[in-house]
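Visitor: Just the structure for this:
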Amino acid sequence: MSSAAITTITKMMETLPESTQEQAVEHLRNFITEALDESQWDASFKKTQKQLISAARQARKEIAAGHSQSMDYDRL
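Guide: A predicted model of the protein is given here:
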């Protein structure tokens, strides 16, 4: 985020009553936490994408060759 954007948010926050500032900070904290979690998930997914594609191809081959069976959900 650019420093101009941070300055804008800071100025906007300063116009709010203190209790509202606290609420806004809590919302921002939650938003940033979720954004960081999502970023980490995306990075993890990108690291394993080739492996996931390979596993899916292998599964398709096994299904086509008749080496698979329906999942028994009662045994999970």
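Visitor: any chance you could map the helices in this structure?
Guide: Taking DSSP state H as the test, the helices found in the chain are 3-14, 18-64.
Visitor: what separates the first one from the chain centre, distance-wise?
Guide: Read that as helix 3-14. Here helix 3-14 is found 26 Å from its chain centre; the criterion is Cα atoms, centre = their mean, to the nearest Å.
Visitor: Count residues in the vicinity of Glu18, would you?
Guide: Residues near Glu18, counting by other Cβ atoms under 10 Å, number 7. To be clear about C-beta, it is placed using only N, CA and C from the backbone, and glycine gets the same treatment.
Visitor: do the one 3 residues further on as well
Guide: Using other Cβ under 10 Å, Gln21 has 14 other residues around it.
Visitor: what do you get for Ser54?
Guide: 10.
Visitor: Quick check, pLDDT for it.
Guide: Ser54 carries a pLDDT value of 95.
Visitor: do the same with the one 5 residues further on
Guide: Among the per-residue scores, Ala59 holds a pLDDT of 93.
Visitor: next one: Thr33
Guide: Note on Thr33: pLDDT of 97.
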